[in-house]
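Engineer: take this sequence and fold it.
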Amino acid sequence: MKSSIVKRSVVIDGHKTSVSLEDQFWSGLKEIAHAQEATLSKLVAKIDETRQHGNLSSAIRLFVLDRARANWNTNVAMAPACIDNPQNAISLENCDLSHS
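Structural biologist: Residues are numbered from 1 along each chain as shown. Prediction:
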């Protein structure tokens, strides 16, 4: 089976570095950068500055996971009627948010 790890170069504080992530994490990172109106390099630099330990790839994965969890928790809090229906909890498109 072919690995879904993608290696890309990013510039952090003027230095080029390689980061290896699964494509899904690259996509999530790009979405977060877009939502924050930041470049990918600026977001990665911020993650690099604030990471506690581990390598940069791991720090990025944890950052994307934390954002996904925060988004999930916000969506669930906004749509309590969806909790009882797992299908709706996966996609809020079908949830009735008028009672929130």
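
Engineer: what packs against the longest helix seen in the chain?
Structural biologist: Secondary structure of the chain per DSSP state H: the longest helix is helix 56-78. On a contact count with 3 or more CB pairs under 8 Å, 6 or more residues apart in numbering; DSSP states H and E, helix 56-78 meets strand 15-22, helix 23-35, helix 40-50. Glycine gets a C-beta too; all of them are placed from N, C-alpha and C.

Engineer: quick one: work out the angle between that helix and helix 23-35.
Structural biologist: Here the directions of helix 56-78 and helix 23-35 differ by 70 degrees (axes from the mean of the first three to the mean of the last three CA atoms, to 10 degrees).

Engineer: tabulate the helices and strands packed on helix 56-78 (CSV), appending mean pLDDT.
Structural biologist: Output for the helices and strands packed on helix 56-78, formatted as CSV (pLDDT from 0 to 100):
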stretch, mean pLDDT
strand 15-22, 95
helix 23-35, 95
helix 40-50, 95
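
Engineer: to N73, which of the ones you listed lies closest?
Structural biologist: Smallest distance to N73 across the helices and strands packed on helix 56-78 (CB to CB): 15.7 Å, for helix 23-35.

Engineer: what sits closest to the spatially most central residue of the chain if chain neighbours are left out?
Structural biologist: The structure's the chain has its C-alpha centroid closest to V64; by CA atoms, centre = their mean the separation is 2.8 Å. If the residues on either side of it in the chain are set aside, V64 comes closest to G28, at 4.2 Å by CB to CB, 6 or more residues apart in numbering.

Engineer: if I look at the one you found, how far off is D13?
Structural biologist: 23 Å (CB to CB, to the nearest Å).

Engineer: mind listing what E22 touches?
Structural biologist: 4-6 (CB atoms under 8 Å, 6 or more residues apart in numbering).
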